[in-house]
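Trainee: Based on what follows, work out the 3D shape:
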Amino acid sequence: MAPHAAVQAIIDLSAGAIGGAACVFSGQPLDTAKVKMQTFPTLYRGFIHCITTTYKQVIRFTAGLHRDAVLSDMQKACAGSVASVFSSLVLCPTELVKCRLQAMYEMEASGKIARSQNSVWSVVKSIMKNEGPQGFFQGLTTTIAREVPGYFCFFGAYELCRSAFADYMKCGKDDIGVAPIVFSGGFGGACLWLVVYPMDCVKSRIQVMSMTGKQGGFFKTFMTIARTEGIRALYSGLTPTMVRTFPANGALFLGYEVSRKVMMKQFDS
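Mentor: Numbering: from 1, shown residues only. Take a look at the predicted model:
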């Protein structure tokens, strides 16, 4: 017998949280390189230089719905896109703090800000003191502009890829196995970033550079980067992002699908 709709929702949320945790743990180092290269594109010679430099910095600092209601692939893509509007309200403040922490060393080294404590709490206090509660939503418009098309591509590509594997293997989408799930998750992530990467670069720039004072909005920042640094600068950090996307998003969907299946079996038995 299928579990109650409320229980099903709890299972889906729990599985999503497990998948999300797997995504963060597996992709965070490369995400740090992405943000650093986006906000300081001329400071690093490339992806490997950024990774090795960041590693040295770290060493230095440490020394001192109901399951019967089946949605089509397109419906799931649209649902993910709509849901991203609401997730952006939570994502924007947390990404703001994350991006500022990730770029803190470069901001201090370039003299844009004074030396400060590199901790989550110190960044939060600084935002509250200098910008007020609204400061946590710097880059919100750009975040939404990134998330809506991005998650349509993300979930759409993931579900289409799973369907293709299921058709090829002549089995259900839930039975395609570990490797196809990981590949489908990575493929979805790759499609997301190829579509929205310039918007993500502008978002990172707005959120980090707003530490120094008033920062322009999406269009002004986009045009400033394009005019002064060239279109190529909008793709700074794309390499670590694409390298990260397969293990990180593969881990996300593998964690989600496996944990969901385990929990569903407990209620089916």
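
Trainee: So Gly237 sits against Asp31, correct?
Mentor: No - with contact defined as CB atoms under 8 Å, Gly237 does not count as touching Asp31 (9.3 Å). (C-beta placed from N, C-alpha, C; glycine too.)

Trainee: who has more neighbours, those two?
Mentor: Gly237 (27 against 20; other CB atoms under 10 Å).

Trainee: Nearest residue to the more buried one in space, ignoring adjacent ones along the chain?
Mentor: Leaving aside its sequence neighbours, Gly237 sits nearest to Met37 (CB to CB, 6 or more residues apart in numbering; 3.3 Å).

Trainee: Report the residue spans of the stretch 1-150 of the chain with pLDDT below the cut-off.
Mentor: Under the criterion pLDDT under 70, the flagged ranges of the stretch 1-150 of the chain are 1-9, 11, 13-17, 19-28, 30, 47, 54-70, 116-117.

Trainee: mind running it again at 80?
Mentor: 1-73, 76-77, 79-86, 110-119 (pLDDT under 80).

Trainee: same for the helix or strand encompassing Pro247, what does it pack against?
Mentor: Following DSSP states H and E, the helix or strand that holds Pro247 is helix 238-268. If you count contacts as 3 or more CB pairs under 8 Å, 6 or more residues apart in numbering; DSSP states H and E, helix 238-268 packs onto helix 5-39, helix 47-63, helix 178-209.

Trainee: same thing but at 10 Å, please
Mentor: Here helix 238-268 touches helix 5-39, helix 47-63, helix 140-169, helix 178-209, going by 3 or more CB pairs under 10 Å, 6 or more residues apart in numbering; DSSP states H and E.
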